[in-house]
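Novice: need a 3D model of the following:
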Amino acid sequence: MSESSTFETLAANLRALLTSLSPGERLPSSRELIEQYRVSPVTVSRAIALLAAEGAVVTRPGSGTYVATRVGASGESADTAWQTIALSDRAVDTRSVADVLGPPSPGTVMLDGGYLHRSLQPTRPLSAALARAARRPDAWDRAPTNGLAALRAAFASVAAGFVTPDDVLVTAGGQSALSIAFRAIASPGSPILVESPTYPGAIAAAQAAALRPTPVPMDADGVRPDLLAEAFAMTGARLFYCQPACHNPTGAVLAPERRRHVIDVARAAGAFVIEDDFARYLGHGDPVPRPLVADDRDGTVVYLTSLTKPAAPSLRIGALVARGPVMERMKAVRLVDDFFVARPMQEAALELISSPSWDRHVRVLATALRERCRHLTAAVARERPDWTITRLPAGGLHLWIQLPAGADDTVVASAARHNGVAVSPGRRYFATEPPAAYLRLGFAATNDLAELTDGARRLAHAVD
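Specialist: Residues are numbered from 1 along each chain as shown. Sure thing, here's the model as predicted:
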């Protein structure tokens, strides 16, 4: 049993013990706990620290550990009704990013994940990078507001084209970058154009910034420039959010002949294009198309990318790339938000992507994602031939599936959850009403190919 699971088990046992004790009573000593539960001193220390953080116990050095006074033990509950008036109508809508079905039960096959399974993460290189970063003498110094110079240079090389390190702002992941960009560029109450469908996190970030997401239809070659021009003209929007490469959720890649057209349409409207390049390191073998920003001379494109998806959920390091006053505006938003991204995390990210192990990881990951994608595609086609897999994506983490006419994606997702497989209903990817019923199935959050096969089987049986 791992140290992590052992201390969590001990913490659970101690929580059960606390229910039989009164506030102020002393818990058994560390030595007694070690002997009783046959665990190490480190395990006891971690379990006690966890309970103290939860407010369940109070530690007194030299005396022992005691049961904390329970809040609300008198049976009286606080009256917080006044907060409804004070908070007014600025509720943050998280339905597009939250799991409305609740946390999955143990044993659920995760076809709903947006991150790599632990088996696909570069855990050893990450740990080594973090250890090297922590040993730097300046590891805990304040970082520049726009990020470490060497890390900005690395992101500038990813964006390529005319981008320099001075055009880069390091962020705490892609979602933070979206929030900064939306609030810096658009005024509350104004429209923002988005592809239809689109990434739910962008919808949530736009609504949290009090913007009004307006959909622009896509086809097999990405967003339609003619409809984009109409949308700019009709709404007066000054911002268009898009994912030109390996679009989430559809997997579409913006056609070469449309790339310059999209930028020109936005430039004519006096608007910005926010290019979300989340899949830069998630190709399935073939090169991911060159970013739009690489061919943009006029500062129309605000580019964002992140290391979170290709590495690990907790490597919250991303970047915004922009030129001109918009970059100064985004730096200002970042400054008042949180000053800067934690320096040890920036140093660790730099250590990771600068090591030979990073290139090896990206190559191995491409092979694994391609194999998983094709395996899940075949399994779904075999189990549900009446479903339409819209394309075999060249990158990314997901399949986009259209259900038969009359199907309800939320009903299918709920039935699947009851049958032990988590999938994402398609309607959460649309800013307004969806034109049909879809599911998004992920192939990167499971342990192996066998689990993907099992997930497809459970999903088919749930629908039956």
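Novice: low-confidence ranges in the chain?
Specialist: For the chain, the stretches with pLDDT under 70 are 1-5, 70-78, 85, 89-91, 96-102.
Novice: what's the domain layout of it?
Specialist: According to automatic domain parsing, the chain comprises the domains 3-67, 109-121+362-463, 123-356.
Novice: out of those domains, which is closest to residue 84?
Specialist: Across the domains of the chain, residue 84 has its closest neighbour in domain 123-356 (19.1 Å, CB to CB). The way it works is simple: take the backbone N, C-alpha and C, and place the C-beta from them, glycine included.
Novice: now do the closest one: distance from first to last residue.
Specialist: End-to-end distance of domain 123-356 (CA to CA, to the nearest Å): 14 Å.
Novice: if we can go back for a sec, format the domains of the chain as TSV; extra columns: distance to residue 93.
Specialist: Formatted as TSV, those follow (distance: least, CB to CB, whole Å):
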stretch	distance to residue 93
domain 3-67	29
domain 109-121+362-463	11
domain 123-356	5
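Novice: let's have the ones you listed in JSON lines, adding mean neighbour count.
Specialist: Formatted as JSON lines, the domains of the chain follow (neighbours: other CB atoms under 10 Å):
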{"stretch": "domain 3-67", "mean neighbour count": "14"}
{"stretch": "domain 109-121+362-463", "mean neighbour count": "19"}
{"stretch": "domain 123-356", "mean neighbour count": "20"}
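Novice: ok, longest strand in this protein?
Specialist: The strand spanning the most residues in the chain, taking DSSP state E as the definition, is strand 212-219.
Novice: that strand: how far from the chain's middle?
Specialist: Centroid separation for strand 212-219 versus its chain: 21 Å, with CA atoms, centre = their mean, to the nearest Å.
Novice: dump the residue contacts of the residue nearest to residue 271 when sequence neighbours are not counted.
Specialist: Of all residues not flanking residue 271 in the chain, residue 238 sits nearest, at 4.6 Å (CB to CB, 6 or more residues apart in numbering). Going by CB atoms under 8 Å, 6 or more residues apart in numbering, residue 238 touches 185, 186, 190, 269, 270, 271, 272.
Novice: so residue 449 is in contact with residue 378, correct?
Specialist: No - in this structure residue 449 lies outside contact range of residue 378 using CB atoms under 8 Å: 10.3 Å.
Novice: and what about residue 187, helix, strand or coil?
Specialist: coil (DSSP: H, G, I helix; E, B strand; the rest coil).
Novice: show the residue spans covered by the strands in the stretch 1-150 of the chain.
Specialist: Secondary structure of the stretch 1-150 of the chain by DSSP state E, counting those that start in this stretch: the strands cover 57-60, 64-67, 109-110.
Novice: following the chain past the helix or strand hosting residue 155, name the next helix or strand.
Specialist: Using DSSP states H and E, residue 155 falls within helix 149-159. Going down the chain from helix 149-159, the next helix or strand is strand 168-171, by DSSP H and E.
Novice: can you name every helix or strand that that following strand contacts?
Specialist: With contacts taken as 3 or more CB pairs under 8 Å, 6 or more residues apart in numbering; DSSP states H and E, strand 168-171 sits against helix 149-159, helix 174-185, strand 318-321, helix 325-338.
Novice: hmm, try it at 10 Å
Specialist: Counting contacts by 3 or more CB pairs under 10 Å, 6 or more residues apart in numbering; DSSP states H and E, strand 168-171 packs against helix 149-159, helix 174-185, strand 301-306, strand 318-321, helix 325-338, helix 343-354.
Novice: CA atoms only: put it into PDB for me.
Specialist: Taking C-alpha atoms only, strand 168-171 is exported to PDB below (Å, rounded to 0.1, in the frame of the first residue of the first chain):
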ATOM      1  CA  VAL A 168       4.600  36.900 -23.800                       C
ATOM      2  CA  LEU A 169       2.700  37.000 -20.500                       C
ATOM      3  CA  VAL A 170       3.000  33.800 -18.400                       C
ATOM      4  CA  THR A 171      -0.300  32.700 -16.800                       C
END
